[in-house]
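Enquirer: Need coordinates for the below:
(chains A and B)
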Amino acid sequence: MSRLCLRSIPRALLIASLAGTLWLGPDGAAALQSGDAAPSFSAPTLQGRSLSLESFRGKVVFLDFWASWCAPCATSLPLLDALRNEFGPDDFQVLAVNVDRDPDKATDFLTKRPVGYPSVSDPEGELPVRFGVQTMPTSFLIDREGVIRYVQRGFRKGDEDALRARIRELVARGR
Amino acid sequence: MSRLAALLLLLGLAATSLPGCASVRPWEREILSRRDMAWEPDALEAQRRNHIYFSKEAALAGGGGGGGGCGCN
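Expert: Model prediction:
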């Protein structure tokens, strides 16, 4: 091996390790944005029956990715339930996707803080990859045609007011 | 240390450190979100300790804020 070649090895290693770090950093899937079509899926609920996003077509849907360990989710869940009751199930529905590795933890959470809307369980995290979830919680407001109209990243008390206005606008569009 | 030994050391370091690179995706942060995994599990206690530290040491680096070491700010 030539002297020049030997000298270039540390540099190549450094570049390779930096490239590797950058490659591993961001998640591969692109985050879905407003205007993208929501991917259709079917998954078992925490109670075990199968539920698909397609079954809500024609309604405005708030697809909420949550976990029992996610602190802002404890804030958002009851507020989303209130929004659902406010607009009524004919026009607006919340579909939650629980990403707990252990679905029993989600069930325990919902026993303490019950909500009226269904939660599908995705312990392997396939759906957050498909939707490109970048933070917890992330939610997608989907219109009656199945197009994402708003992406809510994170949740703080008070966010429900802006959300209510967006839902109202989408609900009114289809009437 | 010879050039070859340095190279081997570098290769060894790369081989041991690269497998340590792993991305934790947002929905996989269950263990990291636990209270005992926090850098400062108790924010109030950390603030109290920090306050005593910069009052006693007259050192402001981490604690921020002004003061002459009396602990009254």
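
Enquirer: low pLDDT regions in chain B?
Expert: Counting by pLDDT under 70, the ranges of chain B that qualify are B:1, B:18-19, B:59-73.

Enquirer: give me every residue that touches the residue in chain A that chain B sits nearest to.
Expert: Using CB to the nearest CB, residue A:99 is the residue of chain A that sits closest to chain B, at 4.0 Å. The C-beta positions use only the backbone N, C-alpha and C, and glycine is treated the same way. Residues counted as contacts of residue A:99 (CB atoms under 8 Å, 6 or more residues apart in numbering or on different chains) are A:65, A:66, A:67, A:122, A:123, A:125, A:127, A:128, A:136, B:27.

Enquirer: Wait, the second one touches residue A:136, no?
Expert: Yes. Taking contacts as CB atoms under 8 Å, residue A:66 lies within contact range of residue A:136: 7.4 Å.

Enquirer: Please enumerate the shared neighbours of these two.
Expert: Common neighbours of residue A:66 and residue A:136 (CB under 8 Å, 6+ apart) are A:73, A:99.

Enquirer: what stretches of chain A score poorly on pLDDT?
Expert: Scanning chain A with the threshold set as pLDDT under 70 gives A:1-7, A:9-10, A:12-29, A:175.

Enquirer: where does the residue nearest in space to the middle of it land in three-state SS?
Expert: Closest to where the C-alpha atoms of chain A average out (CA atoms, centre = their mean) is residue A:65, at 3.5 Å. Three-state call for residue A:65 (DSSP: H, G, I helix; E, B strand; the rest coil): strand.
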